[in-house]
Structure formats: C-alpha cells, structure tokens
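Engineer: quick check, what structure comes out for this input:
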Amino acid sequence: MRRTLILLAAMAGLAAHPALAERQGFLETVHRHQTLALTTPDNGDLNPYAVVVAPVSAGKVQAGDVLISNFNNISNLQGTGTTIVDYNPATKKTVQFAQVPQSLAQCPGGVGLTTAMTMLKSGWVIVGSFPSKDGTTTTRGEGCLLVLDATGKLVATWAGPTISGPWGNMAVADHGDHATLFVSMAGFGVPGPRVLDPATHYPVVLHKATILRLEVTVPEGKPPVLTSQTVVADGLSQRADLDNFVFGPTGLALGDDDTLYATNGLENTVIAVDHASTRTTSGGIGRTVTHDGLLAWPLAMAWTPEKHLLVTNGKNGQVVEIDPATGKQIYAQWIDNDQAQSPPGNGDLFGLAMLPDGSGFYYVTDDMNTLMKATR
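Structural biologist: Here you go, the predicted model:
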C-alpha cells in the first residue's frame, strides 16, 4: 500500500509563508513511503505503539530489527495488548518476539504495553505497561516497567510510587554496563474518561504527569538493576480520553548537551528540561521550545541527522520538523492521509524511530496496524 504524499510548509500553505519555502530541512528530502509489514501477531493484538530499532544482535533479535509493541488486544480494548513483534528488514519477515501474561501480580493492574520501550546495547528490552480491564482509564492500573531478555522472556518487573502509567517513548543514554532512561508517567490520579470538567465538558485535565529518570546498572550476564529514580519534570498535563485512552507527555529526546526535549500534547508544546542527566530536583514544566503552529497534539519524537526533531501529530496524520535551537517549525508532511478520520490521519500515528543510516524513519499507522518506512 502506498500513501499519497502531501508536503506542507505551513497550515496555510507555502504561498503564505515564503520564508519557510527557502528553508531546507530533513523532511523536504523524504519522498518515498512504503508499507513494510502488518504488526498484528497470531493472538490478534492491535494498535501498534512503540517503534524501536535494535542496536545489537542478541537472542532472537538482529541488529537493525524493528521491535513494535501492541497496546490493544484482539477485542480492540486499550491497555490490554501483551505482545511485541520483530520485523527483520533483511528477510522482510515479522515474528512475535514476546508475549507477556495479561495478569501479572508484580505489575499493578496487569499488562497493556505502551510506547515506553527500548532495547539496550546489552540486549535487554525494557517496556512500559499502562493496563486497563475495560479499555478505558476507569479500570486502569498503575502499571510498571517490564524487563525482557533477548529471547522475549520476562525476567524482572519494576513498580512503585514513582511509576504510574509509563507512557512516552523512552530517551536513553546507554553506556553498556550502565544506562540512563527517561520515561514519562501519565497515570497519576487519572479518572475515567466520563469524569468531565464542568467548564469545558471535556475529561478533567490534571497537572500531575511527570518525566522520570531511571539509573540502571547492567551486571554481566544478569538482568539490569534499577539503582535510582529522579523526577526531572512534573506538573505536566494529562487527561483521560475515550478514543485515545490518555493524553500526556509522550515524545522524549535527549540532546548532546544533556537537554531533554518532550512533547506536552495537551498544551500543544515541545518543552525542554536542562541538565537532565545530572539534575537532582525536578525542572517543573520545563521551558517552552515551540508551541501551536504546525503542532496538533504532538506525540512521538526522534532526532534527525541534522539535529532537528521530528514529531508526529496525534490530531492529524502529519509529522513536523523542528529546529530545537531556535524553536522554529521548519516543515510538515502528511504521512497518513486516511480520509476515514477527520482531520485525515487523526489518531493514527504514534511510534517513530530513525533508520540506522539516517536516510529516513520508521513509523506505525494505528488505523491499518502496519509498520511503515519513509525514505529519501
């Protein structure tokens, strides 16, 4: 399946913004979109979320493989997906990498795999769970982080008072025998989606979401050990949603200067937290890098080779390129223009990861349960 490619430099078009037409970025060089594989395993799990490129060959995984988590089960209930699939670009085959038990006593509420996932250089896979019994936050559990070995076997579970709804794609500084992980938490106190704010008549918005830094050591031949946890941002917006389960900070990207960037979707902003790896206290809601404009519920985020940020939109089928140094929104491109949604592609995009050679990016489309590739 090929998708029609529409390039935008601003919502109102190039003619209204000639300066943007002159600015060259990464997205302007991306012209080819290709469907690679279905992401639904044999048990029928749906709604692909995390997209992670394997940094090493280990166990069942080859370096360059794409790991994809599923958030929904065969009944399409959110917060009930239990599987991770593995797409091999060389063979073009997709296999099931892991299936975690739905009910897991060590994980409060059970299992519903989110976009909070990474594979370390040591071969261990860490993935978040934000579970539900009925597909809404009415029956949500606090969730946990699950540690799997390179064969997909569950070997450890991390839970506790700082962990509630691990949600956004992880930012990772991986040093082999130790690593620093950043993951957003969007579950603290979130009620069911029918608890409405009397002023807005939308689900009530809470300012309780956090970004948690986890320090991990990796003993040789043994599972990673969680050694410390620090909240580096808090007071971020979160709320329940019938169609999207929950809104909260989602995309995370760590810069070379130790600045952590995050998408704060409900505020329609990208924020920055300085000294992310070394700070000992929370940076609160961070500082705003950019807001509104081409952004429409910004979700996943990844670095381009030019050190720009790519951000998927949750409210339409676009990906947006941002220069974090200036906050300038450079370009937007439709990567999902499914007319069944309004606006086209609304609610379809989530996971995002660059190709190892930087020539393009992988992404998933929730409407079709597919892994896609965009290249130059």
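
Engineer: what lies in contact with stretch 359-367?
Structural biologist: For stretch 359-367, contacts defined as C-beta atoms under 8 Å, 6 or more residues apart in numbering pick out 30, 32, 36, 39, 47-49, 51, 53, 66, 68, 300, 302, 310, 312, 319, 335-336, 338, 340-341, 345, 347-355, 370-376. Just so you know, the C-beta spots here come from the backbone N, C-alpha and C atoms, and that holds for glycine as well.

Engineer: how about that stretch, which residues are buried there?
Structural biologist: Of the residues in stretch 359-367, Gly360, Phe361, Tyr362, Tyr363, Val364, Thr365, Asp366, Asp367 count as buried by neighbour count, 16 or more other C-beta atoms under 10 Å.

Engineer: in helices, which of those appear?
Structural biologist: Secondary structure assignment (DSSP state H) places none of the buried residues of stretch 359-367 within helices.

Engineer: now the contacts of stretch 359-367: which count as buried?
Structural biologist: 30, 36, 39, 47-49, 51, 53, 66, 68, 300, 302, 310, 312, 319, 335-336, 338, 341, 345, 347-355, 370-374.

Engineer: low-confidence ranges, the stretch 1-150 of the chain, go.
Structural biologist: For the stretch 1-150 of the chain, the stretches with pLDDT under 70 are 1-24.

Engineer: quick one: the strands in it?
Structural biologist: Secondary structure of the stretch 1-150 of the chain, counting by DSSP state E, counting those that start in this stretch: strands at 6-8, 32-38, 46-53, 66-72, 83-88, 93-99, 113-119, 125-129, 144-148.

Engineer: which parts of the chain are helices?
Structural biologist: Using DSSP H, the helices of the chain run over 18-22.

Engineer: longest strand in it, by residue count?
Structural biologist: Longest strand of the chain, by residue count under DSSP state E: strand 225-241.

Engineer: now for that one, which elements pack on it?
Structural biologist: Packing contacts for strand 225-241, counted by 3 or more C-beta pairs under 8 Å, 6 or more residues apart in numbering; DSSP states H and E, involve strand 206-217, strand 245-247, strand 260-264, strand 269-273.

Engineer: quick one: distance of that strand to the chain centre.
Structural biologist: With C-alpha atoms, centre = their mean, to the nearest Å as the basis, strand 225-241 stands 14 Å off its chain's centre.

Engineer: how long is stretch 98-108 from one end to the other?
Structural biologist: Start-to-end span of stretch 98-108 (C-alpha to C-alpha, to the nearest Å) is 20 Å.

Engineer: which parts of that stretch are buried?
Structural biologist: Neighbour counts over stretch 98-108 (16+ other C-beta under 10 Å) mark Ala98, Gln99, Val100, Leu104, Cys107, Pro108 as buried.

Engineer: for it, give me every contacting residue.
Structural biologist: Outside of stretch 98-108, the residues within contact range by C-beta under 8 Å, 6+ apart are 41, 43, 73, 80, 82-84, 110-111, 113, 125, 129, 131, 141-144, 146, 148, 152-154, 157, 159.

Engineer: any of those buried? List them.
Structural biologist: Among the contacts of stretch 98-108, those that count as buried by neighbour count (16+ other C-beta under 10 Å) are 41, 73, 80, 82-84, 110-111, 113, 125, 129, 131, 141-144, 146, 148, 152, 154, 157, 159.

Engineer: tally up the residues packed near Asp174, please.
Structural biologist: The burial count assigned to Asp174 is 17, neighbours taken as other C-beta atoms under 10 Å.

Engineer: residues touching it, list them.
Structural biologist: The contact partners of Asp174, taken as C-beta under 8 Å, 6+ apart, are Pro55, Leu120, Lys121.

Engineer: report the beta-bridge partners for it.
Structural biologist: Ala179 (DSSP bridges).

Engineer: please name the residues that touch Gly251.
Structural biologist: Gly251 sits next to 168-169, 261-263, 270, 298-302, 311-312, 352 when contact means C-beta under 8 Å, 6+ apart.

Engineer: burial check on the nearest residue to it once chain neighbours are set aside, number of neighbours?
Structural biologist: Distances taken as C-beta to C-beta, 6 or more residues apart in numbering place Met301 nearest to Gly251, at 2.8 Å, with adjacent residues excluded. Met301 is surrounded by 24 other residues when neighbours are defined as other C-beta under 10 Å.

Engineer: oh, and call the first residue 44 from now on, that's how I've got it
Structural biologist: All set: I'll call the first residue 44, so the last point we hit is now Met344.

Engineer: please report how far Met344 lies from Asn212.
Structural biologist: 7 Å (C-beta to C-beta, to the nearest Å).

Engineer: what do you get for Val95?
Structural biologist: Taken as C-beta to C-beta, the span from Val95 to Asn212 is 8 Å.

Engineer: what touches both of those two?
Structural biologist: Shared between the contact lists of Val95 and Asn212 (criterion: C-beta under 8 Å, 6+ apart) are residues Met160.

Engineer: the two: who's more crowded?
Structural biologist: Relative neighbour count places Asn212 above the other of Val95 and Asn212, with 31 against 24, counting by other C-beta under 10 Å.

Engineer: any idea how far Pro292 is from that one?
Structural biologist: With distances defined as C-beta to C-beta, the gap from Asn212 to Pro292 amounts to 10 Å.

Engineer: next: Trp346.
Structural biologist: Trp346 is 17 Å from Pro292, where distance means C-beta to C-beta.
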